[in-house]
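Novice: what's the 3D shape of this:
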Amino acid sequence: MQDPFKSRVPNLNGPATDLLPVVPSDALDLPAVAVALFVETAGSLSFVAQSGETRSVNMTDFSILPVGTRRVLASGTTATGIHAFVVG
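Specialist: Residues are numbered from 1 along each chain as shown. Below you'll find the model as predicted:
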């Protein structure tokens, strides 16, 4: 199978290289900073942005939040089916 990612240098201008399931936690960061989050089921999403600031937003079903994210917080998060877009 041909792999179009084989010689590609990961960067923020191209597609994510993986989509990881997220378990919200008040104590643990994601394994890698996400470049965006995908939410399957609507609700509130509380997170720590790449900048270190804590934010909360209301998400609709099947929506994408294009914000660098370090951690998705359990406290204040009611959205479910959360996935992290990662690069590299």
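
Novice: Leaving out chain neighbours, which residue sits closest to residue 44?
Specialist: In this structure, residue 44 finds its nearest non-sequential neighbour in residue 78, 4.8 Å apart by CB to CB, 6 or more residues apart in numbering. For every residue, glycine as well, the C-beta is placed using N, CA and C.

Novice: Could you do residue 67 as well?
Specialist: Spatially, and ignoring its direct neighbours in sequence, residue 67 is nearest to residue 49 (5.8 Å; CB to CB, 6+ apart).

Novice: Next: residue 30.
Specialist: residue 84 (5.5 Å).

Novice: Residue 69 now?
Specialist: Among residues not flanking residue 69 along the chain, residue 34 sits closest, at 4.5 Å (CB to CB, 6+ apart).

Novice: number of nearby residues for that neighbour?
Specialist: 28 (other CB atoms under 10 Å).

Novice: do the same with residue 21
Specialist: The number of residues near residue 21, taken as other CB under 10 Å, comes to 8.

Novice: try the one 5 residues further on
Specialist: Neighbour count for residue 26, taken as other CB under 10 Å: 13.

Novice: If I look at the residue lying closest to residue 35 once chain neighbours are set aside, what pLDDT would I see?
Specialist: In space, and not counting its chain neighbours, residue 35 is closest to residue 85: 5.2 Å by CB to CB, 6+ apart. Residue 85 carries a pLDDT value of 95.
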